[in-house]
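**Student:** starting from these lines, generate the structure:
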Amino acid sequence: ITKREQEIHKLEEEIRALENILKEKEEKLKNAEQQYILELQRIASMTKDEAKAELMKKVEEEAKLEAAKLMREIEEEARKQAEKEAKWNLVTAIQRLAPEVTTSYTVSVVDLPSNDIKGRIIGREGRNIRAFELATGVDLIIDDTPDIVTISSFDPLRREIAKIALERLIADGRIHPGRIEEVVEKVKEEMDQHIRKLGEEACLELGFTDVHPELFYYIGKLNYRTSYTQNVLLHTKEVAYLAGMMAAMLGLDEKKARRGGLMHDIGKAISHEVGGAHSKVGAEIAKRYGEPDYVINAILYHHGDEPARYPEAVLVAAADALSAARPGARREVLQSYINRLEKIEAIVNSFENVEKSFAIQAGREVRVIVNAEKLSDEEAYLLTKEIARRIENELDFPGQIKVVTIRESRFVEVAK
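**Tutor:** Prediction:
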């Protein structure tokens with residue numbers, strides 16, 4: 001062991017000697033390099049940075065001249081071809097995208113296994129149908145038409161929740177107020193997941209895998225929003241495809257145009273809840289979840305809230321106009337009716353202590369659910385009169401609107 005230690009010490013000394021030699025050589029090399037640079041600068045009569053700057057200036061001047069010449073040639077050619085190419089691109093993009101002409105209405109139909117089930121849906125003295133309408137905010141129409149029940153509501157999301165809940169209640173067979181509330185709440189929870197899945201599927205269909213997961217909910221919710229009866233999710237996908245095809249034909253970034261098209265109406269998912277222009281609401285959502293600047297520009301530009309800073313934003317606005325203007329896409333009369341119902345609910349929800357409200361019976365009745373802990377019966381009565389008076393002052397409507405305020409207390413105790 002002692003002999004081995006002596007050998008190791010000897011090797012260490014040799015290594016240290018070699019390191020010293022290397023350091024000396026490295027220092028000599030550095031000095032030689034410095035001398036070489038100084039000698040070059042002396043011969044050229046300028047420093048290294050000056051020589052570099054002179055070369056860059058020369059290259060820049062030549063590039064500017066070439067660019068100006070090329071730009072002039074491109075402009076001349078563009079003027080000749082612009083109108084012809086624009087028309088051709090638009091026509092080609094439109095004919096390549098042939099979507100179904102889909103119009104969303106305000107009713108859904110549920111098929112019944114037999115006509116006898118109608119009595120169970122209505123319940124004793126109508127308690128089941130009242131509980132169902134109160135829980136879902138829709139109008140349930142049960143008439144002489146055999147083996148069907150009609151669900152009426154201007155809000156597609158409410159209508160879909162009511163349809164699924166009613167189908168489950170019919171399949172289960174247990175129809176009573178407690179079960180109705182339980183099933184409706186369960187369907188509402190599941191609907192959130194379904195909405196997110198719709199948003200995720202739309203993004204994957206268009207080829208986007210880097211979208212923030214929270215945006216899936218807003219995109220999916222567009223499936224239950226309409227713009228002049230046009231389904232907004234179908235409209236946004238249509239705009240994305242049109243803008244992408246036009247971008248590809250013009251040599252622009254197809255993915256940027258598609259992404260802008262998909263996101264351009266995202267504000268409509270919550271604009272009816274928070275108020276304000278949907279383009280500004282959409283831009284805020286996009287900023288919050290890290291969408292690129294060109295997407296935000298497309299959202300704001302398509303309604304003229306800011307100038308276009310990206311050519312793809314112009315294509316999104318053009319595709320939006322094309323999608324909305326095609327025959328059968330939109331119907332003005334129905335939308336004005338839906339806007340009136342939304343306005344009724346907005347007026348009612350602006351009052352303090354109102355938990356939620358539902359405009360039903362085609363706007364002839366509005367049901368107001370208030371907080372029973374904060375309002376007495378007398379205060380609820382006064383609130384009903386105030387709501388009715390404000391609706392009279394702020395809205396023009398045919399006939400009458402009945403305001404029904406519901407104040408309900410529930411006390412739950414568990415026997416063990």
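
**Student:** show the model's pLDDT score for the closest residue to G282 other than its chain neighbours.
**Tutor:** Closest residue in space to G282, ignoring its immediate chain neighbours: G267 at 2.9 Å, by Cβ to Cβ, 6 or more residues apart in numbering. C-beta: built from backbone N, CA, C; applies to glycine. G267 is assigned a pLDDT of 87 by the prediction.

**Student:** how many neighbours does E61 have?
**Tutor:** For E61, the tally of surrounding residues (other Cβ atoms under 10 Å) stands at 10.

**Student:** quick check: which element contains it?
**Tutor:** Assigned by DSSP states H and E, E61 belongs to helix 48-96.

**Student:** can you give me the helices for the stretch 301-416 of the chain?
**Tutor:** Along the stretch 301-416 of the chain, counting by DSSP state H, counting those that start in this stretch, helices occupy 311-325, 332-349, 377-394.

**Student:** whoops, the stretch 101-250 of the chain was the one
**Tutor:** 117-122, 127-136, 156-172, 177-205, 213-221, 232-250.

**Student:** make sure S114 is actually in contact with D147.
**Tutor:** Yes: applying Cβ atoms under 8 Å, one finds S114 in contact with D147, separated by 6.9 Å.

**Student:** looking at the two, which is more packed in?
**Tutor:** Set S114 next to D147 and count neighbours by other Cβ under 10 Å: D147 wins out with 12 against 9.

**Student:** what are the buried residues along stretch 337-356?
**Tutor:** I338, R340, L341, K343, I344, E345, I347, V348, V354 (16 or more other Cβ atoms under 10 Å).

**Student:** reformat the residues you listed as CSV; add distance to Q361 and pLDDT.
**Tutor:** Listed next are the buried residues of stretch 337-356 as CSV, based on distance: Cβ to Cβ, whole Å; pLDDT from 0 to 100:
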residue, distance to Q361, pLDDT
I338, 15, 75
R340, 13, 80
L341, 10, 83
K343, 16, 86
I344, 11, 88
E345, 13, 87
I347, 17, 90
V348, 15, 90
V354, 19, 88
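
**Student:** packing partners for the helix holding E61?
**Tutor:** If you count contacts as 3 or more Cβ pairs under 8 Å, 6 or more residues apart in numbering; DSSP states H and E, helix 48-96 packs onto helix 2-44, helix 232-250, helix 311-325.

**Student:** deepest-packed of those, please.
**Tutor:** Highest mean neighbour count among these (mean count of other Cβ atoms under 10 Å): helix 232-250, with a mean of 24.

**Student:** what is the distance between that one and the centre of its chain?
**Tutor:** 15 Å (Cα atoms, centre = their mean, to the nearest Å).

**Student:** span of stretch 140-154 from start to end?
**Tutor:** By Cα to Cα, to the nearest Å, the extent of stretch 140-154 from end to end equals 13 Å.

**Student:** my guess is the residue nearest to G282 contacts V281. True?
**Tutor:** Yes: counting by Cβ under 8 Å, G267 touches V281, with 3.6 Å between them.

**Student:** count of neighbours near S409?
**Tutor:** S409 sits with 6 neighbouring residues when counted by other Cβ under 10 Å.

**Student:** which residues does the residue lying closest to it once chain neighbours are set aside contact?
**Tutor:** Nearest residue to S409, sequence neighbours excluded (Cβ to Cβ, 6+ apart): A372, at 4.5 Å. Counting by Cβ atoms under 8 Å, 6 or more residues apart in numbering, A372 touches R407, E408, S409.
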